[in-house]
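**Student:** sharing a sequence plus its predicted fold:
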Amino acid sequence: ARAFLLITFAVERVRRLEFTTFNLMKKRFNSLSHSRTSIRILALLALMLTQIPLLATYWENGNLKFTVLSEDNATVSVSAANRNISGELVIPERTIHLNKEYAVTEVGYFQECKKITSVTIPGSVVRIGSNAFSDCIRLSSVTISDNVTEIGSAAFYGCSNLASVIIPDKVTTIGSSAFNNCTGLSSVKIGEGVTTIGDYAFESCISLTLVTIPNSVIAIGNKAFADCTRLRVVFSEGNLPAQISYKTFPSDLNYTAFDESVVFYVPAGRKSFYLRAECWRDFKNIIEGIPEESPYVIDGGVFYMPYSETEAYAQTASTLWDSDVTIKPEVEINGKNYAVTMLQANAFSYCNLKSVSIPNTINEISHFAFFDCSDLESVSIPNSVTSIGVEAFTGCSISYVDIPENVRTIDTGAFSCGSLTEIRCFNAVPPVCL
């Protein structure tokens with residue numbers, strides 16, 4: 001009976017061993033002499049006890065699971081024990097287990113905890129692990145402590161409601177796909193200690209309009225900002241350009257030419273270095289001198305930026321709309337007035353708009369301007385419009401549309417709407433359908 005109790009205790013401890021460790025013990029055990037049962041029992045116990053320090057110790061407290069990283073340093077990571085966590089999540093700095101206090105230094109897995117709305121990460125944490133909050137689709141705000149040094153790969157992947165993030169100065173690495181597909185992310189501040197922005201780090205962040213690359217960054221990975229279809233302004237603060245590829249920033253479908261609507265501002269006196277650097281030399285719009293005042297304005301959720309001496313274009317400042325949109329006919333930027341004459345490419349694509357007011361100053365509705373605005377049921381195109389771009393209204397829920405008399409060209413798939421039943425054209429000469 002005593003031997004049975006000893007074996008039961010040992011088996012319970014072994015249950016938590018890594019699978020490979022258990023197999024190794026099993027092989028050692030089978031190699032022992034089979035002459036006497038008692039010798040085999042004692043040998044098994046000895047082997048088990050020698051392996052106990054390798055156990056991955058963990059425990060649960062409510063909805064949180066803590067895993068020991070170092071017994072000597074008394075540090076743990078924290079993860080979700082289940083997916084029932086909802087609302088505000090405040091990561092604890094410390095936890096106590098079996099009368100021993102541990103510091104929480106790493107955020108583990110909260111992947112697909114779809115009810116979390118905000119996260120606060122304390123000063124004890126130095127690392128946000130891979131996939132830490134990926135696909136937390138209701139996460140709208142995150143506060144990262146100043147002591148974090150690493151944001152792991154896909155840490156916030158697919159957090160579509162996350163609107164802004166501040167990356168602290170102690171962070172040196174933004175992992176691959178860290179903020180990939182955060183479609184609502186319209187504002188990001190990259191800390192001045194970051195040296196590497198990983199592959200795909202901000203890919204498909206379609207609400208991102210501006211990004212500042214600090215002087216500390218020496219490498220920006222493949223497709224780090226690819227498919228950021230509304231990215232218009234990049235402040236590159238490096239005296240020497242960071243290493244990039246032809247796929248780093250928005251470009252054409254073949255990744256052979258950069259999007260000409262993106263304007264790059266570089267430090268005064270450093271433009272020549274950028275023009276000699278691989279890939280950078282192919283940007284069409286590099287402006288020397290980073291402006292003290294913003295080159296654009298956001299008004300009523302709409303982003304306006306000049307594209308000539310007298311004209312500006314409009315696009316959404318975020319996909320996270322909760323109201324209808326009114327586009328201004330004129331805006332003031334840095335003390336100068338500009339007529340709003342163009343809806344930029346992808347201007348309001350994927351927005352949940354029900355109605356939009358387009359002023360009579362707009363002459364161009366660019367491609368994909370209202371692409372997949374599935375809630376958009378009606379639109380009034382003003383007489384000033386002369387061209388409508390590729391798939392400008394594809395995927396909308398409009399049932400009829402009036403084409404005003406001044407429209408000259410309508411590009412491919414401009415009105416590919418399954419709900420569309422009526423088109424009325426007021427042109428004396430039918431527009432050219434490309």
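**Tutor:** Thanks, I have it. Just so it is clear, the structure is predicted and the values come from calculations on it, not from any experiment. Numbering: from 1, shown residues only.

**Student:** how many residues are close by N337?
**Tutor:** 10 (other Cβ atoms under 10 Å). (C-beta placed from N, C-alpha, C; glycine too.)

**Student:** cool, V165 as well?
**Tutor:** If we define neighbours as other Cβ under 10 Å, then V165 has 20 of them.

**Student:** residues in contact with the host helix or strand of it?
**Tutor:** Assigned by DSSP states H and E, V165 belongs to strand 164-166. Under the contact criterion Cβ atoms under 8 Å, 6 or more residues apart in numbering, strand 164-166 has outside partners S141, V142, I144, F156, F179, L185, S186, S187, V188, K189, G191.

**Student:** what's the PyMOL line that selects buried ones from those?
**Tutor:** Selection of buried members from these for PyMOL, criterion 16 or more other Cβ atoms under 10 Å:
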select buried, resi 142+144+156+179+185+186+188+191
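
**Student:** mind putting the contacts of strand 164-166 in CSV, distance to T95 included?
**Tutor:** Converted to CSV, these look like this (distance: Cβ to Cβ, whole Å):
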residue, distance to T95
S141, 24
V142, 21
I144, 20
F156, 24
F179, 28
L185, 31
S186, 35
S187, 33
V188, 31
K189, 30
G191, 27
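
**Student:** among the contacts of strand 164-166, which are in strands?
**Tutor:** S141, V142, S187, V188, K189 (DSSP state E).

**Student:** before we move on, the earlier item: after the strand holding V165 comes which helix or strand?
**Tutor:** From strand 164-166, the next helix or strand downstream (DSSP H and E) is strand 173-174.

**Student:** re earlier: lowest-confidence one in the ones in strands among the contacts of strand 164-166?
**Tutor:** Within the ones in strands among the contacts of strand 164-166, S187 has the lowest pLDDT, namely 90.

**Student:** so it touches F179, yeah?
**Tutor:** No - with contact defined as Cβ atoms under 8 Å, S187 and F179 do not form a contacting pair (11.7 Å).

**Student:** thinking again about what came up before, list the strands paired with the strand holding V165, with their directions.
**Tutor:** Applying DSSP bridges, strand 164-166 is found paired with strand 187-189 (parallel).

**Student:** still on that earlier bit, save the ones in strands among the contacts of strand 164-166 as TSV, and put in distance to P250 too.
**Tutor:** Formatted as TSV, these follow (distance: Cβ to Cβ, whole Å):
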residue	distance to P250
S141	26
V142	25
S187	18
V188	15
K189	20
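
**Student:** ok, so of those, who is nearest T248?
**Tutor:** T248 has its nearest neighbour among the ones in strands among the contacts of strand 164-166 in V188, at 15.5 Å by Cβ to Cβ.

**Student:** and the closest one, how far is that from S164?
**Tutor:** 7 Å (Cβ to Cβ, to the nearest Å).

**Student:** and if you look at C182?
**Tutor:** Distance, C182 to S164, using Cβ to Cβ: 10 Å.

**Student:** the two - which one has more neighbours?
**Tutor:** Higher neighbour count among C182 and S164: C182, with 26 against 15, using other Cβ under 10 Å.

**Student:** so that one sits right up against L162, yeah?
**Tutor:** Yes - applying Cβ under 8 Å, one finds C182 in contact with L162, separated by 5.1 Å.

**Student:** quick one on the thing from earlier: distance from the chain centre to the strand holding V165, please.
**Tutor:** 10 Å (Cα atoms, centre = their mean, to the nearest Å).
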